[in-house]
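Colleague: sharing a model prediction with you, sequence too.
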Amino acid sequence: MTRDYLKKATLTSASGASDVHETVVSILDDIKAGGDAKAREYAAKFDKYEGNVLLTADEIDAACALVPEKLKADIRFAHDNVKRFAELQKSTVADVEMEIQPGYVAGQKAIPVDAAGCYVPGGRYSHIASAIMTVTTAKVAGCKHITACSPPRPETGVAPAIVYAAHICGADKILAMGGVQGVAAMTYGLFDLPQANILVGPGNQFVAEAKRILFGSVGIDMIAGPTDSLILADKTADAHIVATDLVSQAEHGYNSPVWLVTDDRALAEDVMKRVPELIEDLPELNRDNAFAAWRDYAEVIVCADRVDMAKCSDEYAPEHLTVMADDLDWWLENLTCYGSLFLGEETTVSYGDKASGTNHVLPTSGAAGYTGGLSVHKYMKIVTWQRATQEASKNVAIATARISRLEGMEGHARAADVRLAKYFPDETFDLTADG
């Protein structure tokens, strides 16, 4: 089907990405070799911070005391929603077992990882919600130790609201350290922290590259690029709300793509007129980010009908997907590639980003085509076990011996042979690979 691009992006989320790999490798190697002292050195260089890096109980209490009561109530509200949704997610994973053959039982067990490292951005914006999203899910999953790590301000340290959120959500330790050095400290177990089994949370390109390099020696939630959002809208949509939502996501950063996909040209043109005015009305930093994102990365696409709109959306596999169109159940049934879905104008990505309960750590740059976002499941290992009676092992042993010999794996075959010989000494078995 023909799609009409009323606005076509001149750049993509990968355009102009700095080659930070060598820089990050060098920092990781330095910190691995130099330990706490080297991490502090990088913190002084990049964070411009030389204060205490592992917050004491008194420092946490002092930071919490600085948070206004109204904001505390909002953080507790968001935490409660995220916690209850995470508990629901956890309930979908059960320890199960079944009798594969008479006397041969196999099972599944869900085991949380011991230590989680939660990175909470604190650069351009203080991401209070990221502390809620990452620490709460780790706590509900059952991790024994949770470190929250966030970049400190040069004189004041970690933003008090981030400290409060991390504390009430269940962080065992709060690390005042940003960037690669913060990620390294959690991974290598510096400052008497346990070595993290998994690293989660958003961050800049240096944090993302550090996680990518370290993946394998430590688990990660995902490799995150710039945040992105797509809106599917038909003639029933409110153009002002559509435009507002696009701008709200474009303010994340200069390279944050936003897309509008519609089958109504008049709506598309109306939205395109409104967006620049809404951007102009933002505070300076937000305005500059949103302006660049809209200019260079945004797209407005007119499709023939809702079937092609859904197909177009799935091809983009957006991190955030909003539907403002008739028959929401149809869209829920037919859309398949997204990080998180927002159905109807009564919801918005901002709700999911901050307080509604679903997680805001989501797959970007098309990764929603193969994975979902952060959940309790990311912190849990789904492992298997089995046990059998001697009689139940007979047929499994016979099949194992024959398949192994057919593959040329004689050692595997003999592991089955010796059991058959021990358990059934009076029987003869054909254990050859021949037909």
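Modeller: Right, received. Where do you want to start?
Colleague: how far away is the closest residue to residue 370 other than its chain neighbours from residue 48?
Modeller: Excluding its sequence neighbours, the residue lying closest to residue 370 (CB to CB, 6 or more residues apart in numbering) is residue 363, at 8.0 Å. Every C-beta, even on glycine, is put in place using the N, C-alpha and C of the backbone. According to CB to CB, to the nearest Å, residue 363 stands 33 Å off from residue 48.
Colleague: which of the two has more neighbours?
Modeller: Comparing residue 363 with residue 48 by other CB atoms under 10 Å, the one with more neighbours is residue 363, at 26 against 12.
Colleague: which stretch of helix or strand covers the more buried one?
Modeller: For residue 363, there is no helix or strand it lies in under DSSP states H and E.
Colleague: how about the strands of the chain, start to end?
Modeller: 4-7, 96-101, 104-112, 115-119, 145-150, 173-176, 198-200, 219-220, 229-233, 258-262, 299-302, 320-324, 340-343, 380-388 (DSSP state E).
Colleague: out of those strands, which comes closest to residue 19?
Modeller: strand 219-220 (20.4 Å; CB to CB).
Colleague: what average pLDDT does the closest one get?
Modeller: The predicted model assigns strand 219-220 a mean pLDDT of 97.
Colleague: against which helices or strands is it packed?
Modeller: Under the contact criterion of 3 or more CB pairs under 8 Å, 6 or more residues apart in numbering; DSSP states H and E, strand 219-220 touches strand 198-200, helix 205-214.
Colleague: was I right about residue 202 contacting residue 225?
Modeller: No - shown here, residue 202 and residue 225 do not form a contact pair, counting by CB atoms under 8 Å, at 10.1 Å.
Colleague: for residue 199, list the residues it contacts.
Modeller: By CB atoms under 8 Å, 6 or more residues apart in numbering, residue 199 lies in contact with 116-117, 119, 183, 186-187, 211, 214, 218-221.
Colleague: and what of residue 336?
Modeller: Neighbouring residues of residue 336 by CB under 8 Å, 6+ apart: residue 314.
Colleague: surely residue 118 touches residue 136?
Modeller: No - look at residue 118 against residue 136 with CB under 8 Å: they stay out of range, at 9.5 Å.
Colleague: run through the stretch 301-435 of the chain and note the low-pLDDT ranges.
Modeller: For the stretch 301-435 of the chain, applying pLDDT under 70 flags the ranges 435.
Colleague: that one: helices as residue ranges?
Modeller: Using DSSP state H, counting those that start in this stretch, the helices of the stretch 301-435 of the chain run over 306-316, 328-334, 349-354, 390-407, 410-423.
Colleague: so which of those gets nearest residue 191?
Modeller: With respect to residue 191, and counting by CB to CB, the nearest of the helices of the stretch 301-435 of the chain is helix 349-354 at 30.4 Å.
Colleague: excluding covalently adjacent residues, which one is nearest to residue 246?
Modeller: Nearest in space to residue 246, with sequence neighbours left out and distances taken as CB to CB, 6+ apart, is residue 258 at 4.7 Å.
Colleague: for residue 73, grab the count of nearby residues.
Modeller: 10.
Colleague: scratch that, residue 276
Modeller: 15.
Colleague: just the one 3 residues further on next, same as before
Modeller: Burial of residue 279, expressed as a neighbour count using other CB under 10 Å, amounts to 23.
Colleague: quick one, what contacts it?
Modeller: Remark: with contacts taken as CB under 8 Å, 6+ apart, residue 279 is in contact with 247, 250, 287, 290-291, 294.
Colleague: same question for residue 101.
Modeller: Contacts for residue 101 (CB under 8 Å, 6+ apart) come out as 392, 395-396.
Colleague: if I look at it, how far off is residue 238?
Modeller: 60 Å.
Colleague: turn the contacts of residue 199 into CSV, columns for neighbour count and distance to residue 23.
Modeller: Listed next are these as CSV, based on neighbours: other CB atoms under 10 Å; distance: CB to CB, whole Å:
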residue, neighbour count, distance to residue 23
116, 32, 26
117, 33, 21
119, 32, 18
183, 32, 13
186, 28, 19
187, 25, 17
211, 26, 15
214, 21, 15
218, 19, 20
219, 19, 23
220, 22, 19
221, 26, 22
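Colleague: I'm done for today, thanks for sticking with me.
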